[in-house]
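Chemist: I would like the atomic coordinates for the input below:
(one chain, ligands or ions: 1)
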Amino acid sequence: MQIIRDIATLHRAVTALKQGGKSVALVPTMGALHDGHLSLVRMGRRVADHVVVSIFVNPTQFGPNEDYAAYPRDEARDAALLAQDGVGLLWAPDVGIMYPAGHSTHIEVAELGADYCGAARPGHFDGVATVVAKLFNQVRPDVAIFGEKDWQQLAIIRRMARDLDFALDILGAPIARDPDGLALSSRNAYLTQDQRAAATAFPGALKAAAAAIASGADVGESLAKAEAAIVAGGFDSVDYVALADANSLERLAACRAPARLLAAARIGKTRLIDNYPVG
Ligand code: PAF
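Modeler: Residues are numbered from 1 along each chain as shown. Next comes the predicted model:
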């Protein structure tokens, strides 16, 4: 597997991959790869001839008091996993290549970025939209694949790609979960053993609320019950549990298809997000 760190070499390598009309799928990541990421790679292999993975821990999507410095980084381990999974090219620029001195352009997807994680993490989605637009321009893939665990992120990237006329398909991959239901996340590595055991309360409460709402229970009551169950299960606080239109992300007081239950909660220093389809 080629590991590339500068844009000129990347362009040459991607041009070579595309020779003979071959297609390229991009899987953007921040590294600390787990089976969820590898399921995106496998989807990439199903839909395209070549898979390019990017690893870049993007400073502009972390707030000043967030975990940018502590974010787990192990490129050698990640590269070995990707090589095993048949990835031909790893794009791993450093911060100075992604954001050269004087970099001053950013993208804001105003309508979809204000609520939920956008409210709890000001500037986060501007950082995501900007780096993803740059990754699209750098790699020029035919298709890009993102996990559905970050449902709001996926909706924002779809809207950004549509609004800015990026000529590529964007695919969402189903959430990969541990057997007890916890969604796989690089941030699960922060959990102590006790926190990890308690964390199962989060998907448990959301799954129960999604099922209750789908079978006609009152939305407000179901959301309140889920919040209470998450805190009773050992979480310190809940940022939000909300029923949303799956595409526009508009908050819904009553269920209508397509709906998604979206949530974020904090346990110790770790903030976890998750979501479930409703109905
Ligand atoms: O989901 C992630 O890991 C990141 O937000 C992404 C899409 C790679 C952008 O930095």
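Chemist: OK, contacts around the residue of the stretch 151-279 of the chain found nearest the ligand?
Modeler: As assessed by CB to the nearest ligand atom, the ligand sits closest to residue 153 within the stretch 151-279 of the chain, at 5.8 Å. Yep, even glycine has a C-beta here, placed from its N, CA and C like the rest. Going by CB atoms under 8 Å, 6 or more residues apart in numbering, residue 153 touches 117, 125, 128, 146.
Chemist: how distant is the helix or strand containing the third one from the center of its chain?
Modeler: Pointing back at residue 128 there. Element membership for residue 128 (DSSP states H and E) is helix 124-139. Helix 124-139 sits 13 Å away from the centroid of its parent chain (CA atoms, centre = their mean, to the nearest Å).
Chemist: what inclination does the helix or strand that comes right after that helix have with respect to helix 124-139?
Modeler: Sequence-wise, the next helix or strand beyond helix 124-139 is strand 143-147, with elements assigned using DSSP H and E. Using axes from the mean of the first three to the mean of the last three CA atoms, to 10 degrees, the inter-axis angle of strand 143-147 relative to helix 124-139 is 150 degrees.
Chemist: residues in contact with strand 143-147?
Modeler: 23-28, 36-37, 40, 43-44, 47-48, 132, 135-136, 153-154, 157, 168-173, 175-176.
Chemist: how about residue 204, secondary structure?
Modeler: Three-state assignment for residue 204 (DSSP: H, G, I helix; E, B strand; the rest coil): helix.
Chemist: and the helix or strand harbouring residue 10, what's its mean pLDDT?
Modeler: Using DSSP H and E, residue 10 maps to helix 7-18. Average pLDDT, helix 7-18: 98.
Chemist: do stretch 62-77 as well
Modeler: Computed over stretch 62-77, the average pLDDT equals 96.
Chemist: restrict the contacts of residue 153 to those near the ligand?
Modeler: residue 128 (CB under 6 Å from any ligand atom).
Chemist: just flag the most distant two among the contacts of residue 153.
Modeler: The span of the contacts of residue 153, defined through CB to CB, is set by 117 and 146 at 14.3 Å.
Chemist: which SS state does residue 111 fall under?
Modeler: helix.
Chemist: excluding chain neighbours, what is closest to it?
Modeler: Counting by CB to CB, 6 or more residues apart in numbering, residue 111 lies nearest to residue 159, which is 7.5 Å off, once chain neighbours are set aside.
Chemist: so the one you found sits right up against residue 109, yeah?
Modeler: Yes: between residue 159 and residue 109 there is a contact under CB atoms under 8 Å: 5.3 Å.
Chemist: who does residue 277 bridge with?
Modeler: Beta-bridge partners recorded for residue 277 (DSSP bridges): residue 260.
Chemist: list the contacts of it.
Modeler: Per CB under 8 Å, 6+ apart, neighbours of residue 277: 210, 246, 258-261.
Chemist: please apply the same query to residue 256.
Modeler: residue 245.
Chemist: list the contacts of residue 41.
Modeler: Here residue 41 is in contact with 27, 51, 53, 82, 85-87 (CB under 8 Å, 6+ apart).
Chemist: no no, residue 20
Modeler: With CB under 8 Å, 6+ apart, residue 20 has no contacts at all.
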